[in-house]
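Visitor: A structural model of the following input is requested.
(2 chains)
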Amino acid sequence: MNQVRRARPLLGTLTQISVAAPLAPVDLHAAVDAAFGEIAVVHALMSWHDADSELSRLNRCAPGGIARVHAHTRAVLDAALRIARLSDGAFDPCTGATLARWGLLPRHAPSRQLPPRPPQRASWRDIELTDEGVRFHRPVSLDLGGIAKGYAVDLAVQRLLQLGIREIVVNAGGDLRVAGTGEHTAVIRHPCSAHAPAHSLRLHNEALATSSAFGSERQVHGGAVCALVDPATDRAYAGRDSVSVRAATCMTADALTKVALFGSSAVAAAVFEACRAQCIRLEPVVN
Amino acid sequence: MNPRFLVLPAALVISHDAQAMVYLSVEQAQALMFPGQTLVPVPVVLSAADLAAIEKDCGVPVYPGSLAAWKAPGGYFFTDSVIGKHDLIRYAVAIDDGRIREVEILEYREAYGGEVRNSRWLHQFVGLQHGASVKVGRGIQNISGATLSSQHVTDGIRRLLATYAIAFAGR
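Guide: Predicted structure coming up:
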């Protein structure tokens, strides 16, 4: 068995791929190159930060028209709308304008013209998927940041499996998936620390994703905001805890962290049961 | 208790071990980015005027001595590092005809325990309770939560492109 572990700056974080297989190191590196290539494609298609990405072009589309999109974008939108529907909007990929208003995403031309707080923000219900493509029924600020990272991780794992790699860990800044015969120890950081480990668990052919306010908090007009937006209220998540989700795929785990944070307990219970996912909430111990 | 929803207390346990992860050696990165090619080290000579021009161009401070360069038939190979509040990242970049062709992280090092200990946010948590402690071995294998930002690497690459334009292209 040879092992290779590499990292590249992708998906807005350091994305790490670890593989082991009875292959020559040169073949292992080639497989990792291919997996990074898959992630780079998703990154290029769905980056909000890149004004030329397919996502940014989609957000500039006039409502009513049909935009054709790449199969990857289509797959992520399909999953995003499904989870939005199942969770009654606790997960909603349409919070981009709010994050841009808070300075947590760059402002592109269209959102610059938006009023400070639209009376009724567009939601996932304003997006329609047809056989031909995507149709917005009103101007939408689609941000796939809460789900596309997981999709990219899944895609990389699939590619590595196809290439005959036996043991795989792909970790995109905490959204990770393991595949293979072995168990892998994963560690969840303390919800208020960039470094301190707080909980460890064993993963076997499954994914883990974590969300918390830590790291993205900032003050805007005297109020605290962070990158986690409650779609129902358009307010930032105010808790100091973190939620981690174990699920079969990283895309599900990624999206379901938002369901755990913002869904009612009944909705979250139903979604987690249906998706056979588990939520681990870490609450900081404070006197 | 619903086993699908676990709520666990998280005590903050300060680790004095800085986490470090080495992904690739310089030689491994060179072999990956310029396979079969001979790389010749190129001295990085940056005058005070160069340094000022680079910082003005990219808005990122330059650490003298951080950058190393090699010339290959197919382009330039660089190693450089960026230092964030919490970490140090060393990376390799292949530049081909003035364009970034590849970026690989060589090494990631977290801040030392002492630095973490001093940060402001710790004060309200330190030493309150122990028990949920987890020993993590060296290396940041499979860690979830508190996303590591690649912003510093992005800044570093912008700095490298400025350096290349000012001190390498055409020289």
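Visitor: what about B:V44, how many neighbours?
Guide: By the criterion of other Cβ atoms under 10 Å in any protein chain shown, B:V44 has 17 neighbours. C-beta here means a position set from N, CA and C on the backbone, and glycine is covered the same way.
Visitor: Next: B:F78.
Guide: By other Cβ under 10 Å, the residues close to B:F78 number 23.
Visitor: quick one: it and B:V44, what's the gap?
Guide: Shown here: B:F78 relative to B:V44, a distance of 9 Å by Cβ to Cβ, to the nearest Å.
Visitor: and for those two, which residues touch both?
Guide: Counting by Cβ atoms under 8 Å, 6 or more residues apart in numbering or on different chains, the residues touching both B:F78 and B:V44 are B:L67, B:A68, B:A69.
Visitor: Between those, which sits nearest chain A?
Guide: Of all the shared contacts of B:F78 and B:V44, chain A sits closest to B:L67, with 17.4 Å by Cβ to the nearest Cβ.
Visitor: Just the pLDDT for that closest one.
Guide: Per-residue pLDDT puts B:L67 at 94.
Visitor: From A:V187, how far out is it?
Guide: With Cβ to Cβ as the criterion, B:L67 and A:V187 are 33 Å apart.
Visitor: Could you do B:Y108 as well?
Guide: In this structure, B:Y108 and A:V187 are 15 Å apart, going by Cβ to Cβ.
Visitor: Check A:T15 too.
Guide: 17 Å.
Visitor: Buried ones in stretch A:174-194, by neighbour count?
Guide: Under the neighbour-count criterion of 16 or more other Cβ atoms under 10 Å in any protein chain shown, stretch A:174-194 has A:174-180, A:184, A:186-194 buried.
Visitor: ok, A:I39 - contacts?
Guide: Taking Cβ under 8 Å, 6+ apart as the definition of contact, the neighbours of A:I39 are A:R8, A:L10, A:L11, A:T15, A:A152, A:V153, A:L155, A:A156, A:A172.
Visitor: That one sits in which helix or strand?
Guide: Of the helices and strands defined by DSSP states H and E, A:I39 is found in helix A:25-46.
Visitor: What separation do you get for the nearest residue to A:A148 once chain neighbours are set aside and A:G239?
Guide: Of all residues beyond its chain neighbours, the one nearest A:A148 is A:M46 (4.4 Å), with distances taken as Cβ to Cβ, 6 or more residues apart in numbering or on different chains. Separation of A:M46 from A:G239 (Cβ to Cβ) stands at 27 Å.
Visitor: which regions of chain B lie under the pLDDT threshold?
Guide: Segments of chain B classed as low confidence (criterion: pLDDT under 70) are B:1, B:13-19, B:85, B:111-142, B:145-149, B:170-171.
Visitor: Chain B: strands as residue ranges?
Guide: With DSSP state E as the criterion, chain B has strands at B:5-10, B:20-22, B:40-42, B:68-72, B:75-83, B:87-96, B:99-110, B:143-144.
Visitor: Ok, which of these comes nearest A:D234?
Guide: strand B:5-10 (25.7 Å; Cβ to Cβ).
Visitor: ok so, going back, distance between the helix holding A:I39 and the chain's centre?
Guide: Taking Cα atoms, centre = their mean, to the nearest Å, the mean C-alpha location of helix A:25-46 is offset from the chain mean by 18 Å.
Visitor: C-terminal to that helix, what's the next element?
Guide: Heading C-terminal from helix A:25-46, the first helix or strand you meet, by DSSP H and E, is helix A:54-60.
Visitor: In that next one, which residues are buried?
Guide: For helix A:54-60, the neighbour count (16+ other Cβ under 10 Å) marks A:E54, A:L55, A:S56, A:L58, A:N59 as buried.
Visitor: which residue is nearest the middle of chain B?
Guide: B:I89 (1.5 Å; Cα atoms, centre = their mean).
Visitor: Which residue ranges of the stretch 151-287 of chain A form helices?
Guide: Chain-ordered helices for the stretch 151-287 of chain A, with DSSP state H, counting those that start in this stretch as the definition, fall at A:250-262, A:265-274.
Visitor: Tabulate those helices in a markdown table, adding columns for mean neighbour count.
Guide: What follows is the helices of the stretch 151-287 of chain A, written out as a markdown table (neighbours: other Cβ atoms under 10 Å in any protein chain shown):
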| stretch | mean neighbour count |
| --- | --- |
| helix A:250-262 | 28 |
| helix A:265-274 | 16 |
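Visitor: Of these, give the one that comes closest to B:I143.
Guide: For B:I143, the closest of the helices of the stretch 151-287 of chain A is helix A:250-262, at 14.7 Å, according to Cβ to Cβ.
Visitor: All good on my end, thank you.
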